[in-house]
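Student: sequence isn't available, so here's the structure alone:
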DNA sequence: TTATGTATGTTATACTATAACCAGTCAACC
DNA sequence: GGTTGACTGGTTATAGTATAACATACATAA
């Protein structure tokens, strides 16, 4: 559900995505986790141990992880080691807006802006594999318009870009 | 390789995509096939029997097909019946710009505008499964801009929308 | 003709995802 | 308390997507 406000109206949309910048990641991750837990509590969604652990795992880096990578980690932590365990937790997180599915990578990444009902564009660095969320309101507006020209009504869409992040550009990778 | 011209400059970009309109599909398909073959001949790319057959199969409808569906058809026609046969032909067609990969569907669709070096947005009708290509120059421009705001340089991107096509909208599906 | 590169066929396997069934937990209600 | 029902997680099994590696055939140019 993309929100239709101009990006400047939304506190989250105005916050630059830190995925590509050096930052205090421990703080970044615990902060996002706390926000997700608060949102879950508020909405009645149950942040169970597996689900929380999966989100923690995704939050360890700004990279996307395959379901089976997540599963390995879960198994090592004493949770079930069969695919549905990981897929169900990931599905829950995506539904709640706590994680995103990156179709180009067949993988999942923690949402760095939980609770902001956004539908970002994903920027995937081909060098360091980090994934950032870019505000996509204007991109989606252009897409809606291009679709409307053909009489097509967009319901959901995925916008994913592969390229080079600022750090890798600078270091010449 | 997206081209950077305004859509109006390109004959193909000005041609409305017929995927969602009723049209003489036999003509539409043979025309696109002929254009692809001419392009291949001109560029030295070899349009071998399997490759041509795969393109014909994709051109039978405006829907995306999974590699295994294509493979079944190939096998029925006396070609090899192992996955690489289909994947290799599909890969060739995608490289030549004669087909597109739709990541959201893990599937492939014939390109209806071969030779026009475009990078379209895909409009996928959730009711009839047809896929159309929408000119995406403005969408990509918006995406490049959103990425640039974070210092990210886009190299390739996929823009795919799920929704309802005009025909299905009208018939209330 | 021989050499070289390209294309196809084949075997095997890796990776991604879901269906279906079962058992435990928890809250609401009688 | 006991029962019901919804939800969660565990497990088995299988479906669906994709590629590595090797063998064979075939075209073209030297």
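Tutor: Sure thing, it's come through. Since the model is a prediction, treat every value here as computed from it, not as a measurement.

Student: the longest strand seen in chain A close to DNA strand C?
Tutor: With secondary structure taken from DSSP state E, chain A has its longest strand at strand A:153-164. No: shown here: strand A:153-164 not in contact with DNA strand C (C-beta under 7 Å from any atom of the strand), separated by at least 12.4 Å. Glycine gets a C-beta too; all of them are placed from N, C-alpha and C.

Student: what's downstream of that strand, the next helix or strand?
Tutor: helix A:166-170 (DSSP states H and E).

Student: so residue A:101 touches residue A:93, yeah?
Tutor: No: the criterion here is C-beta atoms under 8 Å, and residue A:101 misses it with residue A:93 at 9.6 Å.

Student: ok, these two, which is more surrounded?
Tutor: Using other C-beta atoms under 10 Å in any protein chain shown, the more surrounded residue of residue A:101 and residue A:93 is residue A:93, with 26 against 17.

Student: quickly find the element holding the more buried one.
Tutor: Residue A:93 belongs to helix A:83-96 when assigned by DSSP H and E.

Student: helix or strand right after that helix?
Tutor: According to DSSP H and E, the helix or strand after helix A:83-96 is strand A:99-102.

Student: distance from the next helix or strand after that next one to the middle of the chain?
Tutor: Heading C-terminal from strand A:99-102, the first helix or strand you meet, by DSSP H and E, is strand A:107-110. Remark: strand A:107-110 is offset 6 Å from the chain centroid, using C-alpha atoms, centre = their mean, to the nearest Å.

Student: touching chain B at all, strand A:107-110?
Tutor: No: figure legend: strand A:107-110 not in contact with chain B (C-beta under 8 Å from any C-beta of the partner chain); closest approach 11.9 Å.

Student: mean confidence for that strand?
Tutor: Strand A:107-110 shows a mean pLDDT of 98 in the predicted model.

Student: cool, and stretch A:30-41?
Tutor: Across stretch A:30-41, pLDDT averages out at 96.

Student: which positions in it come out as buried?
Tutor: Burial within stretch A:30-41, assessed by neighbour count using 16 or more other C-beta atoms under 10 Å in any protein chain shown, is assigned to A:32-33, A:35-37, A:39-40.

Student: kindly state the pLDDT recorded for residue A:173?
Tutor: 63.

Student: whoops, residue A:122 was the one
Tutor: On pLDDT, residue A:122 comes in at 98.

Student: quick one: it from DNA strand C, how far?
Tutor: Distance of residue A:122 to DNA strand C, computed by C-beta to the nearest atom of the strand, to the nearest Å: 15 Å.

Student: then residue A:92?
Tutor: 12 Å.

Student: repeat that for residue A:110.
Tutor: Here residue A:110 is placed at a distance of 16 Å from DNA strand C (C-beta to the nearest atom of the strand).

Student: leaving out the residues flanking it, which one is nearest to that residue?
Tutor: The shortest distance from residue A:110 to any non-neighbouring residue, by C-beta to C-beta, 6 or more residues apart in numbering or on different chains, is to residue A:58 (3.8 Å).

Student: helix or strand right after the helix or strand that that neighbour is a member of?
Tutor: Using DSSP H and E, residue A:58 maps to helix A:49-59. Per DSSP H and E, the first helix or strand lying C-terminal to helix A:49-59 is helix A:67-76.

Student: is any part of that next one close to chain B?
Tutor: No: Helix A:67-76 lies out of reach of chain B by C-beta under 8 Å from any C-beta, never closer than 14.8 Å.

Student: low-confidence ranges in chain A?
Tutor: Where chain A drops to pLDDT under 70, the residues are A:1-15, A:173.
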